[in-house]
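Trainee: generate a structure from the sequence data that follows.
(2 chains)
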There are 2 protein chains.
Amino acid sequence: MSIGEFDLIQRWFQRPSRRSPLGVGDDCALLQPAPGMQLAVSTDMLVEGRHFLPTVAPEWLGHKALAVNLSDLAACGASPLAFTLALSMPRVDEAFLDGFARGLFGLADAHGIEVVGGDTTAGPLNICIAVFGEVPVGQALLRSGAKPGDGLWVSGTLGDARLALEVFRGSVALDAEAFAAVRARMEQPTPRVALGIALRGVATSAIDISDGLLGDLRHVLRRSNVGATIDADALPISPVLAAQPLALRRECALAGGDDYELLFTAPPSRAAAVRAAAAGAGCAATCIGRIEAAPGARLVDGDGRAITTAFSSFDHFTT
Amino acid sequence: MSIGEFDLIQRWFQRPSRRSPLGVGDDCALLQPAPGMQLAVSTDMLVEGRHFLPTVAPEWLGHKALAVNLSDLAACGASPLAFTLALSMPRVDEAFLDGFARGLFGLADAHGIEVVGGDTTAGPLNICIAVFGEVPVGQALLRSGAKPGDGLWVSGTLGDARLALEVFRGSVALDAEAFAAVRARMEQPTPRVALGIALRGVATSAIDISDGLLGDLRHVLRRSNVGATIDADALPISPVLAAQPLALRRECALAGGDDYELLFTAPPSRAAAVRAAAAGAGCAATCIGRIEAAPGARLVDGDGRAITTAFSSFDHFTT
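Mentor: Prediction:
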């Protein structure tokens, strides 16, 4: 079957426009942040085998492609507005496109945002989304604002996506129910958009965890010119991960990747405000350590003893 | 050699920020159109074999990846501000990245714009750029504004990129000098940014020609709910293409693709303003036909006789 690009866009990706003065189909989309707002922009590209497995349902791929981009807006405290979609695929597979569009627009509708432009082309499967949000001028959450004395916080739970990947790799076995739970965390991540918005004026810095807690923490510490001590026993993990051996638990939670939780800092005086923000956003927030002046990251257990085990991204991190 | 994503971005793609309140390296970039301006957004993805040949110099690939996106801004009459870059590539090839970045930033510098975000990943070579510009509210050139009686205009010359492709395909032979000229049109397209800006308030509609004149004209006619007559003998072509047989000349100019010229409409009363805009922008503008109320596109020769030859994208166009 041959479908031209124009028809393909019309059939699967064109929808009535609400926020943009123009819908899909002109050379550009036009966007205008509200008065006093800045536009926040981010882009993420997803490649098969790297960001998703060939076994993923098209619906969850559509969901995830947008979710990882929304997660970047969340990390800046921006309210999502719109996105563009560039899609390269080997052929026009109707079942794939039906599912992909369903997952993509399901999440878009949940956040009240719309597609404002795009590009489709033949080629190896590749999904590139650019997402647009708005944030009041000067209120964006940056990586550079962490201060010594701040608490180090994380939303939700960590490590389930990595645990699911280990099951796919055959290195871990789980029963069906446990696997379904962690697989959903890998394939259907929830961007913490409401939490990011609620943390405006509360958090001093924020980042979303896509490459593993320690790897992403590194970016905050470098940008903020500070260090941190992390209590490995305080890391929030799911009951499924909690049932795994200690070394695997720590590897998944500290260096797992694909968590799409927010890692953020806030002064101790704002701890109640952090908890209120999380409660309002319907997710957990856990204090897992503190920011210090001395550079580098120090990992301790619940008794304050140093942990010297190397983790896959922790090696990078300390060298 | 192994280079992490963070280092790769720092080495090749991080530059001092001028326009964005934040440089590359946070979760989002922050952008703010000037008062009274709207943000124009577009995205284009380039895939090897589809949008460029494996033989292309990395420098021209970097140039072209940005040029085709700037061409979309030009078609809206927007002034370029910034772009994001998502890049998937099989391995970290330093020579490739050196050349790619040189071509990319060469064109970016020529337009005074900067990269504000991006993503790099392992995978088949794929380049996805989203470009941001600004245009005064209500002045964007749209596809939908063509009116019966308007002249139909095109910038520069058409068909050289397609002629170069035919040489690569082995179906046409050119001497070295002629080949160099048309190859440059294919590999180093010039986005008509200055012309697009100069046509604000002059043109009634505009589009950039990426898929061939007739294919892209179709979008304008559909959106504007009009038809057109095109004088095939009025099409502006280069001396190299002019030396080719008639059928090839017409095929290249009417259905060639990869021209990145502007196709636009303007009332006859604004013909002098069009010529002044083109002169100011340093490119030619040629009137190639007129917009009519009757739907569809009619192709005639210089004597007004109907041309019934089918062209690759013309077939699509009329069915």
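Trainee: confidence score at A:A276?
Mentor: If you check A:A276, the pLDDT there is 98.
Trainee: how many residues are close by the residue nearest to it when sequence neighbours are not counted?
Mentor: Excluding the flanking residues, the one nearest A:A276 by Cβ to Cβ, 6 or more residues apart in numbering or on different chains is A:A198, at 7.9 Å. Yep, even glycine has a C-beta here, placed from its N, CA and C like the rest. Applying other Cβ atoms under 10 Å in any protein chain shown, we find 22 residues neighbouring A:A198.
Trainee: do the same with A:V116
Mentor: Using other Cβ under 10 Å, A:V116 has 27 neighbouring residues.
Trainee: helix/strand/coil for it?
Mentor: Using DSSP: H, G, I helix; E, B strand; the rest coil, the structure places A:V116 in strand.
Trainee: ramachandran angles for the residue nearest to A:A276?
Mentor: Main-chain torsions, A:A198, degrees, to the nearest 10: phi -70, psi -20.
Trainee: wait, it sits on A:G282?
Mentor: No - A:A198 is not in contact with A:G282 according to Cβ atoms under 8 Å; the separation is 10.2 Å.
Trainee: on that earlier part again, got the contact list for the residue nearest to A:A276?
Mentor: A:276-278, A:280-281 (Cβ atoms under 8 Å, 6 or more residues apart in numbering or on different chains).
Trainee: just say helix, strand or coil for A:S88.
Mentor: A:S88 - assigned by three-state DSSP - is strand.
Trainee: same check on the one 10 residues further on?
Mentor: Under three-state DSSP, the three-state class of A:D98 is helix.
Trainee: now swap in A:M45 and tell me
Mentor: Going by three-state DSSP: A:M45 is strand.
Trainee: can you tell me the closest non-neighbouring residue to it?
Mentor: B:A86 (3.9 Å).
Trainee: cool, A:L81 as well?
Mentor: Once flanking residues are discounted, A:L81 sits nearest to A:F132: 4.9 Å by Cβ to Cβ, 6+ apart.
Trainee: surely that neighbour is in a helix?
Mentor: No - A:F132: not assigned to a helix; according to three-state DSSP it is strand.
Trainee: wait, it touches A:Q38, no?
Mentor: No - taking contacts as Cβ under 8 Å, A:F132 lies outside contact range of A:Q38: 10.9 Å.
Trainee: for the two, indicate the residue with more neighbours.
Mentor: More neighbours surround A:F132 than the other of A:F132 and A:Q38, with 29 against 25 (other Cβ under 10 Å).
Trainee: now do the contacts for the more buried one.
Mentor: With Cβ under 8 Å, 6+ apart, A:F132 has these contacts: A:31, A:39-41, A:80-83, A:116, B:41.
Trainee: strands along chain A, start to end?
Mentor: Applying DSSP state E to chain A gives strands spanning A:29-31, A:37-47, A:79-89, A:114-122, A:126-136, A:151-155, A:205-208, A:227-231, A:262-266, A:285-292, A:296-300.
Trainee: between the fourth one and strand B:126-136, how many degrees?
Mentor: Right, strand A:114-122. Interaxial angle, strand A:114-122 versus strand B:126-136 (axes from the mean of the first three to the mean of the last three Cα atoms, to 10 degrees): 140 degrees.
Trainee: can you tell if stretch A:99-117 touches chain B?
Mentor: Yes - using Cβ under 8 Å from any Cβ of the partner chain as the criterion, contacts between stretch A:99-117 and chain B involve A:116-117.
Trainee: now that stretch: buried residues?
Mentor: Under the neighbour-count criterion of 16 or more other Cβ atoms under 10 Å in any protein chain shown, stretch A:99-117 has A:99-105, A:107-108, A:111, A:113-117 buried.
Trainee: again with stretch A:165-185
Mentor: For stretch A:165-185, burial by neighbour count (16+ other Cβ under 10 Å) applies to A:165-167, A:172, A:174, A:178-179, A:181-183, A:185.
Trainee: what's the average pLDDT for that stretch?
Mentor: Stretch A:165-185 comes out with an average pLDDT of 96.
Trainee: swap in stretch A:49-59?
Mentor: 88.
Trainee: kindly report the same for stretch A:105-117.
Mentor: 93.
Trainee: ends of that stretch, how far apart?
Mentor: Using Cα to Cα, to the nearest Å, the gap from the first to the last residue of stretch A:105-117 comes to 14 Å.
Trainee: about what we covered before: for B:G256, find the nearest of the strands of chain A.
Mentor: With Cβ to Cβ as the measure, strand A:114-122 is the member of these nearest B:G256 (17.9 Å).
Trainee: adding distance to B:Q10, write the buried residues of stretch A:165-185 out as JSON lines.
Mentor: Formatted as JSON lines, the buried residues of stretch A:165-185 follow (distance: Cβ to Cβ, whole Å):
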{"residue": "A:L165", "distance to B:Q10": "28"}
{"residue": "A:E166", "distance to B:Q10": "31"}
{"residue": "A:V167", "distance to B:Q10": "35"}
{"residue": "A:V172", "distance to B:Q10": "35"}
{"residue": "A:L174", "distance to B:Q10": "39"}
{"residue": "A:A178", "distance to B:Q10": "40"}
{"residue": "A:F179", "distance to B:Q10": "39"}
{"residue": "A:A181", "distance to B:Q10": "38"}
{"residue": "A:V182", "distance to B:Q10": "34"}
{"residue": "A:R183", "distance to B:Q10": "35"}
{"residue": "A:R185", "distance to B:Q10": "31"}
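Trainee: who's in contact with the residue nearest to A:F52 when sequence neighbours are not counted?
Mentor: Using Cβ to Cβ, 6+ apart and skipping the chain neighbours, the partner closest in space to A:F52 is A:L61 (5.7 Å). A:L61 makes contact with A:46, A:52, A:99-100, A:103, A:127, according to Cβ under 8 Å, 6+ apart.
Trainee: got a pLDDT number for A:A281?
Mentor: For A:A281, the pLDDT comes out at 97.
Trainee: nope, A:Q10 is what I was after
Mentor: 70.
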